[in-house]
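Novice: Please work out how this folds:
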Amino acid sequence: MIVHEWGTFTSLQNEAGQAIGGINTDDEPVPRFVHRLTDWLLLSPTEVPANFFQGAPSCHPDVTLRLETPVLYFHLPGAWTRIPEVSVTARFRGGWLTEFYPNALADAPGVSKDPGGFGPLRSDTVSTLAWNNLDVGGDENGPPSNEHVWTAPRGVRAASVRTPGGEAERFLFYRGVGHIDAPIAVARNADTDELVVRSHLPHELAGRESLEVKSAWLVDVDAYGAVAFRVLPALRLGFSWYRGRGPTSTYR
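Specialist: Now for the predicted structure:
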């Protein structure tokens with residue numbers, strides 16, 4: 001059996017290339033049937049958050065990265081139609097796995113279901129999700145949904161998964177928030193009007209020679225929604241790789 005994982009992450013940085021905290025906003029909400037650790041951790045940008053300090057939402061300052069919509073697909077070998085009793089564990093070092101479907105056993109140190117009930121999030125925090133005794137096979141989707149964020153991942157030729165509790169879907173879904181620096185840092189040199197993009201690997205990954213970003217784009221979006229972009233060369237993580245004119249002087 002082949003297991004394929006796909007997903008993205010979101011990180012914001014200032015002009016010095018330093019991570020910006022407090023980005024636990026839910027910009028692309030998933031359907032309500034998705035399980036959540038708590039409704040108080042991800043704040044919707046279109047709704048009034050539950051807690052305010054001086055008129056501003058209390059975004060968690062430790063959250064510097066959002067793990068966006070990772071999914072696990074299962075592809076059965078040959079003529080196989082079903083594999084029973086499959087167990088899967090997702091482990092996130094440096095963050096909390098906060099949303100998931102089908103249901104799973106969740107462990108997120110520092111998170112409670114009470115309003116504001118989440119403590120410090122550190123780079124050594126470890127969160128896990130465990131799906132036990134899954135039935136892998138068949139061609140079954142989960143609950144009805146018209147939301148593109150959920151229906152798009154269903155358009156894959158993969159075996160369905162079903163939990164002992166009866167929940168089923170085309171994939172295992174999870175996402176979360178983390179206290180991790182992005183592997184790329186982007187800084188603007190105000191004196192030379194240059195944009196410098198550097199590798200910024202955590203020490204746990206710095207010694208791995210095979211890590212490479214094969215495709216990258218520099219994008220500038222103006223106030224009216226117009227977009228300009230430039231294709232950048234491949235990045236082999238571990239050293240400064242690109243220096244070029246910043247978008248303020250290049251794109252119009």
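
Novice: switch to C-alpha atoms for all contacts and neighbour counts from now on
Specialist: OK.

Novice: now residue 89, which residues is it bridged with?
Specialist: On the basis of DSSP bridges, residue 89 is bridged to residue 130.

Novice: That one contacts residue 131, doesn't it?
Specialist: Yes - in this structure, residue 89 is within contact of residue 131 by C-alpha atoms under 8 Å, at 6.3 Å.

Novice: out of the two, which sits in the more crowded spot?
Specialist: Set residue 89 next to residue 131 and count neighbours by other C-alpha atoms under 10 Å: residue 131 wins out with 20 against 13.

Novice: Could you tell me the per-residue confidence at the more buried one?
Specialist: What the model reports as pLDDT for residue 131 is 98.

Novice: do residue 241 as well
Specialist: Note on residue 241: pLDDT of 44.

Novice: can you check residue 230 too?
Specialist: We have a pLDDT of 86 for residue 230.

Novice: Is it in contact with residue 219, as I believe?
Specialist: Yes - counting by C-alpha under 8 Å, residue 219 is a contact partner of residue 230 at 6.6 Å.

Novice: Kindly provide the distance from the nearest residue to residue 77 once chain neighbours are set aside to residue 154.
Specialist: Of all residues not flanking residue 77 in the chain, residue 1 sits nearest, at 5.2 Å (C-alpha to C-alpha, 6 or more residues apart in numbering). Note on residue 1: its distance to residue 154, by C-alpha to C-alpha, to the nearest Å, is 19 Å.

Novice: between those two, who's got more neighbours?
Specialist: residue 154 (18 against 10).

Novice: which non-adjacent residue is nearest the more buried one?
Specialist: residue 170 (5.9 Å).

Novice: Check residue 236 too.
Specialist: That would be residue 212: by C-alpha to C-alpha, 6+ apart, it lies 4.3 Å from residue 236.

Novice: For the one you found, grab the count of nearby residues.
Specialist: By the criterion of other C-alpha under 10 Å, residue 212 has 13 neighbours.

Novice: Surely it is in contact with residue 199?
Specialist: No - counting by C-alpha under 8 Å, residue 212 stays clear of residue 199, with 9.9 Å between them.
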